[in-house]
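J.: heads up, no residue letters with this:
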């Protein structure tokens, strides 16, 4: 099976008094990626919306391609970073990376958690490959895990065990 690297873009909204970050993932296989982010990372759907072909073109995000977006968060009702998932049902142009230096652009994200044990259990139960020698104990006592999403985005999970 040919894996395609996810194309990432970030939309940052910053005001004088606060900031919010929203990350969008364009996946090669929506169902596989949605399953990964909900089952392995424990994200919950908080919202969804679509852009028609005219809106896609007007915003500059597509050249008149419509798309639907699923918005997820670590907790659906929280003010956490929004994780947007969408697909255009076509192969991407980037090969799946083995290491973060294999391509340019956003290569990995870090998720700081209160406890890595539930993540480790879900990773093991779903046969997700841990990369490097992870889990690793960091100098500050926290645990570091490294995995990849279905399209190759590296995901660091850091927190106490």
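T.: Great, that's in hand. All of these numbers come straight from a predicted model, not from anything done at the bench.
J.: tell me how far the ends of stretch 58-69 are from each other?
T.: In stretch 58-69, first residue to last residue: 17 Å (Cα to Cα, to the nearest Å).
J.: I meant stretch 126-137, not that one.
T.: 23 Å.
J.: cool, stretch 77-84 as well?
T.: Stretch 77-84 end-to-end distance (Cα to Cα) = 15 Å.
J.: which residues sit against it?
T.: Residues outside stretch 77-84 that contact it (Cβ atoms under 8 Å, 6 or more residues apart in numbering): 20-25, 37, 43, 46, 69-74. Where you see a C-beta, it was placed from the backbone N, CA and C, and this is true even at glycine.
J.: list the buried ones in it?
T.: Across stretch 77-84, burial judged by 16 or more other Cβ atoms under 10 Å covers 80, 82, 83, 84.
J.: Tell me the gap between it and the middle of its chain.
T.: 12 Å (Cα atoms, centre = their mean, to the nearest Å).
J.: same deal with stretch 98-105?
T.: So, by Cα atoms, centre = their mean, the centroid of stretch 98-105 is 16 Å from its chain's centroid.
J.: Stretch 77-85 too?
T.: 11 Å.
J.: ok, now stretch 24-42?
T.: 7 Å.
J.: Stretch 117-133 too?
T.: Its chain's average C-alpha position is 16 Å from that of stretch 117-133, according to Cα atoms, centre = their mean.
J.: ok, now stretch 96-105?
T.: Relative to its chain's centre, stretch 96-105 lies at 15 Å (Cα atoms, centre = their mean).
J.: repeat for stretch 84-94
T.: 13 Å.
J.: hang on, the earlier thing: now intersect the buried residues of stretch 77-84 with the strands, please.
T.: Using DSSP state E, the subset of these located in strands is 82, 83, 84.
J.: Spatially, what comes nearest to residue 148 if we skip its sequence neighbours?
T.: residue 154 (5.7 Å; Cβ to Cβ, 6 or more residues apart in numbering).
J.: pLDDT at that neighbour, what is it?
T.: On pLDDT, residue 154 comes in at 94.
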